[in-house]
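Student: this one's structure only:
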């Protein structure tokens, strides 16, 4: 999510420490051991992305493509874009040095179509990654999602697991225990979105151990994140996302190699722990001190994704 740039200056500094290569592990800031060698071999010039488009169930979807090798599809978070989430953070370039990378602009976002009907989001948006594989003639791909992209990827993983070589869920889990209170909060966030505010969403994702932002800071962050965006499309995306729900039994049934990545200061950490308890085969990496907003820019995230993909090459 593009909150990264808006709140990075408000986060605490992290202390370097050694990387411990465990199956369930926390990556500490500063060093990531052998993973750093995997993640640091590309330069932006060597993997300059090309923008392409295709039509997914009547909605034009834009994506960035670069690199060669096995296919990796990247799905960004809410109110972000392929450029902001993956290129600007360096993740795209690091992956494209080893893989054929396709980073979607989700419907309602970036250069993609922006329907105002909530029924065009949720499950429909989740299928865009699969339709992209169809478009390029690939039976399978490694699918990596962050935040909303992870929610949708996790949902689609339970619908068409045969299309996933692996799945990486970063910054959020699929919605496996949706409540009436969750729906109430979503409705508030969607209504605020239509007015150009992200107040409730910002406060929901704000690290609990850090001072809450002031109203002025929230207005500044909202204005920066939503500048030039279609507020009605984003509100429809929020509302439609509530349709992409799965059950704990579906989580337990996942057999595709799956990695969860989350910052230790991210409120979604509890959901990842619950998901891991439902299905111990799902690997979990935590990034020490990272929040929901700052994790995408931490080098540990790209390194963890690369290490996981290398272990599961076809």
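Tutor: Cool, got the structure. On a predicted model such as this, the values are computed, not experimentally measured, just so you know. Residues are numbered from 1 along each chain as shown.
Student: which regions of this protein sit below the pLDDT cut-off?
Tutor: Scanning the chain with the threshold set as pLDDT under 70 gives 1-25, 28-47.
Student: Point to the residue nearest the middle of it.
Tutor: residue 146 (0.7 Å; C-alpha atoms, centre = their mean).
Student: That one contacts residue 296, doesn't it?
Tutor: Yes. With contact defined as C-beta atoms under 8 Å, residue 146 counts as touching residue 296 (5.9 Å). For the C-beta atoms, the positions are set from N, CA and C on the backbone; glycine is no exception.
Student: Next, show the common contact partners of the two.
Tutor: Common neighbours of residue 146 and residue 296, using C-beta atoms under 8 Å, 6 or more residues apart in numbering, are 1, 77, 85, 170, 171.
Student: Only the buried subset of those, as a PyMOL command please.
Tutor: Here is the PyMOL selection string for the buried members of the shared contacts of residue 146 and residue 296, based on 16 or more other C-beta atoms under 10 Å:
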select buried, resi 1+77+85+170+171
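Student: Mind listing what's buried along the helix or strand hosting residue 192?
Tutor: Here residue 192 sits within helix 180-194, counting by DSSP states H and E. Buried residues in helix 180-194, counted by 16+ other C-beta under 10 Å: 186, 189, 190, 192, 193.
Student: right, and the fourth one touches residue 204 too?
Tutor: In this case it means residue 192. No. When contacts are counted by C-beta under 8 Å, residue 192 is not listed as touching residue 204 (11.3 Å).
Student: hey, where'd the strands end up in the stretch 201-314 of the chain?
Tutor: 258-263, 283-287 (DSSP state E, counting those that start in this stretch).
Student: of all those strands, which lies closest to residue 165?
Tutor: strand 258-263 (11.0 Å; C-beta to C-beta).
Student: the inter-axis angle of that closest one versus strand 283-287?
Tutor: 20 degrees (axes from the mean of the first three to the mean of the last three C-alpha atoms, to 10 degrees).
Student: Output the strands of the stretch 201-314 of the chain as CSV; include the columns distance to residue 235 and mean neighbour count.
Tutor: Shown next, in CSV, are those (distance: least, C-beta to C-beta, whole Å; neighbours: other C-beta atoms under 10 Å):
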stretch, distance to residue 235, mean neighbour count
strand 258-263, 26, 26
strand 283-287, 30, 23
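Student: dump the residue contacts of the residue nearest to the centre of the chain.
Tutor: 1, 75, 76, 77, 80, 85, 170, 171, 172, 296.
Student: Go again with 10 Å.
Tutor: Contacts for residue 146 (C-beta atoms under 10 Å, 6 or more residues apart in numbering) come out as 1, 74-78, 80, 85-86, 89, 91, 153, 168-172, 261, 292, 295-296, 301.
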